[in-house]
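Asker: generate a structure from the sequence data that follows.
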Amino acid sequence: MKQLYQRLPLMLLMLCPFFLQAQLSSITEVTLTFTPSSGSAITAKATDADGNGLVVDGPINLAESTDYTLDIELRNVDQNTNITDEVTANPERYQFFFETPGDIISGDIAYDDVDANSLPVGLASSFTSECVEAEGATGSLRILLSDLMSDKMANSAITDGTAQFDVTWTVNVADAPDAPPCENEEEIITDVVLTWTPVGGGDPVVATAKDPDGEGIMDLAVEGPINLLESTEYTLTLELRNDIEGEDITAEIMEEDDEHMFFFAFTDEVFASPAGDGNVDNRADPVNYDDQDENGLPVGLSTSWTTECGEENGTGTFRLILKHQPDIKSATSTVDDGGTDVDLTFTVNVAEDPDAPACENEEEIITDVILTWTPVDGGDPVVATAKDPDGEGIMDLEVEGPINLLESTEYTLTLELRNEIEGEDITTEIMEEDDEHMFFFGFTEGIFSSPEGDGNIDNRADAVNYNDQDENGLPVGLSTGWTTATTMAGGSFRVVLKHQPDIKSETSTADDGGTDVDLTFVINTDITDVDDPIGVDEQALVLSPNPVQQELNWKLENASSNDPVDILIFNTSGQLVKRYRSPAPTIDVSKLNPGVYIFQLQQEQQILSKRFVKTQ
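Answerer: Now for the predicted structure:
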């Protein structure tokens, strides 16, 4: 055992040779020598005169767009020791790390020396100062020397090891009057001109933005709206100028088209083509570019647009962004990549054209929607309707009453839509354009045994029994099949008609395209076998006061039973918001939000509904 203890120090030294290597001497002076590709060298120092740490002697002043080599010398002045030699003797142990926040260095500092493992050291390095504008640029240079011991690796970081010194200098990069202009220096743009030329002929529409103070601090300012006509195809050309220096920025963009790209964003439904809202939020979204760079990638100095057809004037926004993407422009580069040269948002007005032909896909006026539920095994159809009370006015279609179905009954639902103002059969028009239309359905789960679930509004893949298909074999929904559940309570039934020109597919959803109809009915159910129904009708249910603020009283005339009743309160979207079970003729509705509600009473085999209004 004694021999083991005697040999232990030798064994540790053999296993860990770094124990044999002495620590660096105390560093009291750091000298940086910046040698330009041409011209005089620049020296910067940091010294520890009083033992309280290294202090820099002032800023480092460099010239723009210049290649420099950087050499670092370390000394202990008091001991007259060259510590640089100590680092050189053990390069596998040490590494200098550099940080250069601010726009002072073009790229990264490159190591010019390596150890025996080809890992960087940093006593010698090189870099190129950034190209700057007239006011120059200021940043900093942080240098940290780390003792990494035996842990030095290719991915060693500034936080690894033990810092031998950590010093930060201020760095100024001055504009050089004789230096060539920066290749990627941001251009001064004083004028942006948008020219919308109608493809079918007519006067161009011009919109402009100007920089009111040239080289001053103010940005480009939009001078007015873009005024277009409906249902018109336009070619948009962009012109950019620097009128201060007489430069044609458009020509420069064309010369460097592989570095530039315009992105566009606009209010949805302002344009029929491209559809959507532009490619600012999603590069893959459509924009009709007419020009490409040498790599076949879009530029955007010329684009094509077709305004939407509409019955009245429309207003939205039109935004264009010019991105400068040297070395990074690609098929997937986005508006977040590169520098921004221009970012402008215009108001765009689309005026109704009295001489334009009727819009093929213009939103129809629908005054009547009729749902006819026909029992497959015979019996009287159940009809539910919705009407537009003011035709072309501002009011929407309103549901006129509930849908009253029988339990355990198979129905065929047919939908009929009309425009009574102009005598149009909207159903026929939907059938003629069935590849552009689709009805979606949502309903309270448990009302139907087929289809099961709650419909396909929230999930296209959920079951609905469509009886009709378009020319592509996709569902339409003018005819559907339904079977009510054996035991079911009341709920809601929602029907949504979507207009999906060019986008209707096996996966298109209720969120795609325009909405022509969106109606929610209250759906009640009657029991098929009724031995002793309560002899009442809708007039027998009395609600007071109506409108109501606090307590709502109900009364059932000529009721022959005092049994408890179920009272359900629905909002106009068919959602159940409150439920009571009590024979008491008063309920508290004070916590309901103001609005229209449906009071539904269920007693024995009878269901009665009536509307009431909740006020403040």
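Asker: show me where the chain has its helices.
Answerer: According to DSSP state H, the chain carries its helices in the segments 2-15, 83-89, 249-255, 426-432.
Asker: rank those helices by mean pLDDT and give me the bottom one.
Answerer: Note on the helices of the chain: helix 2-15 shows the lowest mean pLDDT, a mean of 46.
Asker: mind listing what D108 touches?
Answerer: Residues near D108 by CB atoms under 8 Å, 6 or more residues apart in numbering: F127. Bear in mind the C-beta positions are built from the backbone N, C-alpha and C, glycine included.
Asker: can you tell me how far it is from E506?
Answerer: 50 Å (CB to CB, to the nearest Å).
Asker: again with G53
Answerer: 71 Å.
Asker: which one's more surrounded, the two?
Answerer: Shown here are G53 and E506; by other CB atoms under 10 Å, G53 has more neighbours (13 against 10).
Asker: contacts for stretch 438-458?
Answerer: 415, 460, 462-465, 474-478, 480-486, 488-498, 500, 504, 508-510, 523, 525, 574.
Asker: please apply the same query to stretch 30-46.
Answerer: 29, 47, 54-58, 60-63, 66-75, 143, 165, 167, 169.
Asker: in strands only, show me these.
Answerer: Among these, the members found in strands (DSSP state E) are 29, 47, 55-56, 60-63, 67-75, 143, 165, 167, 169.
Asker: how is the chain carved up into domains?
Answerer: The chain resolves into domains spanning 13-174, 191-351, 368-526, 538-614 when parsed by automatic domain parsing.
Asker: lowest-confidence stretch among those?
Answerer: Looking at the domains of the chain, the bottom one is domain 538-614 with a mean of 78.
Asker: so how far is that one from its chain's centroid?
Answerer: 44 Å (CA atoms, centre = their mean, to the nearest Å).
Asker: do stretch 422-442 as well
Answerer: Distance, centroid of stretch 422-442 to centroid of chain: 32 Å (CA atoms, centre = their mean).
Asker: could we number from 48 for the rest of this?
Answerer: New numbering, starting at 48: the last item is stretch 469-489.
Asker: and the gap between T82 and V569?
Answerer: Per CB to CB, T82 is found 86 Å from V569.
Asker: the more surrounded of those two?
Answerer: V569 (25 against 16).
Asker: just checking, that one touches R541?
Answerer: No: using CB atoms under 8 Å, V569 is not in contact with R541; the gap is 10.7 Å.
Asker: strands of the stretch 498-647 of the chain, start to end?
Answerer: 512-513, 526-531, 538-546, 561-573, 588-591, 598-603, 613-618, 623-628, 633-635, 642-650 (DSSP state E, counting those that start in this stretch).
Asker: possible to save those as a markdown table with distance to E469?
Answerer: As requested, the strands of the stretch 498-647 of the chain are exported to a markdown table (distance: least, CB to CB, whole Å):
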| stretch | distance to E469 |
| --- | --- |
| strand 512-513 | 29 |
| strand 526-531 | 25 |
| strand 538-546 | 18 |
| strand 561-573 | 15 |
| strand 588-591 | 38 |
| strand 598-603 | 42 |
| strand 613-618 | 33 |
| strand 623-628 | 38 |
| strand 633-635 | 45 |
| strand 642-650 | 30 |
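Asker: closest one to N342 among the ones you listed?
Answerer: strand 561-573 (36.8 Å; CB to CB).
Asker: got phi/psi on the residue lying closest to S278 once chain neighbours are set aside?
Answerer: Spatially, and ignoring its direct neighbours in sequence, S278 is nearest to C356 (4.4 Å; CB to CB, 6 or more residues apart in numbering). With angles defined as degrees, to the nearest 10, C356 sits at phi -90, psi 140.
Asker: can you get me a residue count around C356?
Answerer: Neighbours around C356, by other CB under 10 Å: 21.
Asker: repeat that for the one 3 residues further on.
Answerer: Taking other CB under 10 Å as the neighbour definition, E359 ends up with a count of 8.
Asker: for the one 5 residues further on, same thing?
Answerer: A count of nearby residues for T364, using other CB under 10 Å, gives 15.
Asker: in this structure it contacts F313, no?
Answerer: Yes: using CB under 8 Å, T364 is in contact with F313, at 6.6 Å.
Asker: identify the contacts common to these two.
Answerer: In contact with both T364 and F313: V395, using CB under 8 Å, 6+ apart.
Asker: need the contact list for the closest residue to T556 other than its chain neighbours.
Answerer: Distances taken as CB to CB, 6+ apart place R507 nearest to T556, at 4.6 Å, with adjacent residues excluded. Contacts of R507 were listed using CB under 8 Å, 6+ apart, and they are 487, 554-557.
Asker: tell me which two of those sit farthest apart.
Answerer: Among the contacts of R507, F487 and T554 lie farthest apart (CB to CB), at 13.1 Å.
Asker: with neighbour numbers in mind, choose between those two.
Answerer: More neighbours surround F487 than the other of F487 and T554, with 24 against 8 (other CB under 10 Å).
Asker: just give the number of residues close to the residue lying closest to I151 once chain neighbours are set aside.
Answerer: Leaving out its chain neighbours, the residue that sits closest to I151 by CB to CB, 6+ apart is G186, at 3.7 Å. When neighbours are counted by other CB under 10 Å, G186 registers 18.
Asker: so who does G186 touch?
Answerer: Contacts for G186 (CB under 8 Å, 6+ apart) come out as 147-152, 217-218, 220.
Asker: likewise for N466?
Answerer: Neighbouring residues of N466 by CB under 8 Å, 6+ apart: 411-415, 473.
Asker: can you tell me which of these are in strands?
Answerer: D415.
Asker: in JSON lines: the contacts of N466, plus neighbour count.
Answerer: As requested, those are arranged in JSON lines below (neighbours: other CB atoms under 10 Å):
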{"residue": "E411", "neighbour count": "19"}
{"residue": "I412", "neighbour count": "16"}
{"residue": "I413", "neighbour count": "21"}
{"residue": "T414", "neighbour count": "21"}
{"residue": "D415", "neighbour count": "15"}
{"residue": "I473", "neighbour count": "21"}
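Asker: closest to L603 among the contacts of N466?
Answerer: The closest of the contacts of N466, once distances to L603 are taken by CB to CB, is D415, at 33.0 Å.
Asker: can you pull up the bridge partners for the residue lying closest to A204 once chain neighbours are set aside?
Answerer: Among residues not flanking A204 along the chain, F144 sits closest, at 7.6 Å (CB to CB, 6+ apart). As for beta bridges, F144 partners with L191 under DSSP bridges.
Asker: wait, F144 touches L195, no?
Answerer: No: in this structure, F144 is not within contact of L195 by CB under 8 Å, at 10.4 Å.
Asker: just the buried members of the ones in strands among the contacts of stretch 77-93?
Answerer: Using 16 or more other CB atoms under 10 Å as the burial test, the ones in strands among the contacts of stretch 77-93 include 76, 94, 103, 107, 109-110, 115-119, 121-122, 190, 212, 214, 216 as buried.
Asker: that concludes my questions; thank you for your assistance.
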